[in-house]
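**Student:** below is the sequence, then the predicted model.
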Amino acid sequence: DPKIIQKPKYLVAVTGSEKILICEQYLGHNAMYWYRQSAKKPLEFMFSYSYQKLMDNQTASSRFQPQSSKKNHLDLQITALKPDDSATYFCASSQDRTYEQYFGPGTRLTVL
Amino acid sequence: QQKVQQSPESLSVPEGGMASLNCTSSDRNFQYFWWYRQHSGEGPKALMSIFSDGDKKEGRFTAHLNKASLHVSLHIRDSQPSDSALYFCAASGPGGSNAKLTFGKGTKLSVKS
């Protein structure tokens, strides 16, 4: 059974719209993260959460908002979508902030 | 400038051969290094971590770290077709900041049978 679930697997959106990417982990981890991978850039750290609190934010744009409704959930809301936001978004988790990070299968977002 | 640089960009080795991947960091704040592997269509998966100078061996994989030069390498012996994937070097800083992994662009490894 998959331990980190990301939904949906593929997502197509129009410029200017808003989407929410879902992430749930069943590893019992206390820290969760979001990364982005595009053709232009390597895997890029976006956010980290620990015990449902934002610890690090390396995303310049406020259009990206993580949301943690439960300890094992970390969703990513993206507003006013742009074609440059097209990428695969990976959720990851770790026991705490000093341990190995486990990545989910990703959500591939295409903005037209 | 990319803070974590990997070479080569791509590498092809015969089945059973040795694959050697390199990674250099330009940021002396980085103290922890990881190797991740990503198969097509999947998320990255950690292979191993190395935090101390010297070698660390796990099965067919050996990582080497030289903190003075901030150079880390990964050697895969007896390469298998299933090792064909994208390999990333990732680095992080001390304490709580080691949660923020900085990745290199990756090395694409092809193992030919």
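**Tutor:** That came in fine, so what should we check first?
**Student:** which of the three states applies to the residue of chain B found nearest chain A?
**Tutor:** Per C-beta to the nearest C-beta, B:Gly43 is where chain B lies closest to chain A, at 3.4 Å. C-betas here are computed from N, CA, C, even on glycine. Secondary structure, DSSP: H, G, I helix; E, B strand; the rest coil: B:Gly43 is coil.
**Student:** gap between the nearest residue to it once chain neighbours are set aside and B:Pro44?
**Tutor:** Once flanking residues are discounted, B:Gly43 sits nearest to A:Phe103: 3.4 Å by C-beta to C-beta, 6 or more residues apart in numbering or on different chains. Separation of A:Phe103 from B:Pro44 (C-beta to C-beta, to the nearest Å) stands at 5 Å.
**Student:** which parts of chain A are strands?
**Tutor:** Under the criterion DSSP state E, strands of chain A are mapped to A:4-7, A:10-13, A:19-25, A:31-37, A:44-50, A:53-57, A:64-67, A:75-78, A:87-94, A:102-103, A:107-111.
**Student:** for the first one, which residues meet the burial criterion?
**Tutor:** Right, strand A:4-7. A:Ile4, A:Ile5, A:Gln6 (16 or more other C-beta atoms under 10 Å in any protein chain shown).
**Student:** partners of the first one in the sheet?
**Tutor:** According to DSSP bridges, the residues that bridge with A:Ile4 are A:Gln25.
**Student:** one more: A:Asp75?
**Tutor:** Assessed by DSSP bridges, A:Asp75 has beta-bridge partners A:Gln67.
**Student:** not counting sequence-adjacent ones, nearest residue to the residue nearest the centre of chain A?
**Tutor:** Of all residues in chain A, the one closest to the mean position by C-alpha atoms, centre = their mean is A:Trp34, 3.5 Å from it. Counting by C-beta to C-beta, 6+ apart, A:Trp34 lies nearest to A:Met46, which is 4.3 Å off, once chain neighbours are set aside.
**Student:** same check, this time on A:Cys23
**Tutor:** The nearest residue in space to A:Cys23 (C-beta to C-beta, 6+ apart) is A:Cys91, at 3.4 Å.
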